Each structure stands twice: as C-alpha cells, then as structure tokens.
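Novice: no FASTA, just this:
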C-alpha cells in the first residue's frame, strides 16, 4: 500500500524551514527518505527503523512515530540545493519498499 | 556517481516492439531493483532480484520480465510495447535483501511512438 505524502508541493525562501509528512495505513517496519532532482536519479537521505532514534545529518532530519505509522522530514534553514522532489518509502511486513508520490520542494532566493 | 550503470540512456521505439534494458549493480551489491517513473508520477516498484533469485514483485505487467545473471547484472525485458509504457526506468542496487540504502542508476528513458 502506497504511503501518503503531504504537502504535494511547497515553495520556500532560502533560510526557511519545511516539514514533509509521510503516513501509512499499515504497521511499518521502516521508513526511507530519498531526494530526486529533475532529470536525475533519486539519492538516499536516511532510513528510520522501528524502535530507532530520530535521525539527521546537516540540517535535514527525520522522525518516525510508530504508533501513528507516520514519519516527518524536517528541513531547516533551507538552501537552494534542497530543491527537488522528496520521496518517502515504507516497508511493512514482508513487502518491498513502496514509495509515495513525492513532495516537490522549491527553494527560491 | 552511484556506481550503478544502466544502458542505454535513451531508447525510442514503436508500439508492439520489444526492448531490453540493462543494469550493472554496484560492486558487491547482491540486490537489484527495477522501478518505473512516469511523468509526474512516483517511483513504481516493478521487481527485485537478490543474488540471482526473484525476491519480490510489484506492479509489473505480464508483458514485462526480468532476470539477474550469475555476474549479478540484470536485464528488464519489455514486450508488446504500448504508448503508456513510455517512462523513465530506474535500476537500483543494495547490499542487503530488504532494509538497506538503495543506490540508483541514471535511468533509461524509454519513448514509445
């Protein structure tokens, strides 16, 4: 079952913060975040495992609420390079990774 | 550069034809995944192979098939092509069977006319 991402699109000015949400109706084992720039391949950001801690690197971090089957990706003090489409992917039971439809983030100067 | 290679980069063909897309995973990676990405669509999982064996199947049409060879490279065969098959096809690889970072290749853009 495909996870649901929100918002579908967001426009930020440099330095602003953003939150992208990912939710599933299934009990999740892990949540994966990727970023894809236009015309390029998706790039891995992070994996959050059930029972694991909030993760992050630089100014991008994420949390995983197992009870609500939700994950949120936090982008703080956004930079132009953060622009792209962010995909969450979820794994539950024995299913392979299933990606959401993506959230298009545009950072403007 | 992710270390995953895909050929060809672009492919233009006609309806009804058959094409083969090729993927070489990163050195040491045993899992290969195939995804289809249509315009403004997310990444649709097609199929996964792990060390030569089919591991998981997604929304893969019966007209499509794949295999992973002993040297771990993989091929995706698309037959009886339709206009709706036009898309970007990505291959990804990972070291593990399921929960692991996936490294995506640059993709093959297929255009069916």
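Specialist: The structure has been received and is ready for your questions. Just so you know, these numbers come straight off a predicted model, no measurement behind them.
Novice: Quick check: pLDDT value at the residue sitting nearest the centre point of chain B.
Specialist: Ranked by distance to the mean C-alpha position of chain B (CA atoms, centre = their mean), the top residue is residue B:34 at 3.2 Å. Per-residue confidence at residue B:34 stands at 97 (pLDDT).
Novice: Spatially nearest residue to it (excluding sequence neighbours)?
Specialist: Across the structure, with CB to CB, 6 or more residues apart in numbering or on different chains as the measure, the residue nearest residue B:34 apart from its sequence neighbours is residue B:46 (4.2 Å). Backbone N, C-alpha and C define where each C-beta goes, glycine included.
Novice: next one: residue B:110
Specialist: Here the nearest residue to residue B:110 in space, its sequence neighbours aside, is residue B:11; by CB to CB, 6+ apart that works out to 4.9 Å.
Novice: tell me the SS of the residue nearest to the centre of chain B?
Specialist: Here residue B:34 is strand, with the state taken from DSSP: H, G, I helix; E, B strand; the rest coil.
Novice: can you tell me which residues contact it?
Specialist: By CB atoms under 8 Å, 6 or more residues apart in numbering or on different chains, the residues touching residue B:34 are B:23, B:45, B:46, B:47, B:48, B:60, B:66, B:74, B:76, B:89, B:90, B:91.
Novice: ok, those vs residue B:107, which is closest?
Specialist: Closest approach between the contacts of residue B:34 and residue B:107, by CB to CB: residue B:90, at 4.8 Å.
Novice: out of the contacts of residue B:34, which is most surrounded?
Specialist: Across the contacts of residue B:34, the neighbour count under other CB atoms under 10 Å in any protein chain shown reaches its highest value at residue B:91, namely 30 neighbours.
Novice: And it, how far from residue A:7?
Specialist: Separation of residue B:91 from residue A:7 (CB to CB, to the nearest Å) stands at 30 Å.
Novice: near chain A, which residues of chain B show up?
Specialist: Within chain B, the positions lying close to chain A (CB under 8 Å from any CB of the partner chain) are B:2, B:33, B:35, B:41-45, B:48, B:55-56, B:58, B:90, B:98-107.
Novice: mind redoing it with 10 Å?
Specialist: Counting by CB under 10 Å from any CB of the partner chain, the residues of chain B lying close to chain A are B:2, B:4, B:6, B:31, B:33, B:35, B:37, B:40-45, B:47-48, B:55-59, B:88, B:90-92, B:94, B:97-107, B:109.
Novice: Across the sheet, point out what pairs with residue 90.
Specialist: Looking at chain A here, since you left the chain open. Bridge pairing for residue A:90 (DSSP bridges) gives the partners residue A:31, residue A:98.
Novice: wrong chain, I was asking about chain B
Specialist: Listed by DSSP bridges, the beta-bridge partners for residue B:90 are residue B:35.
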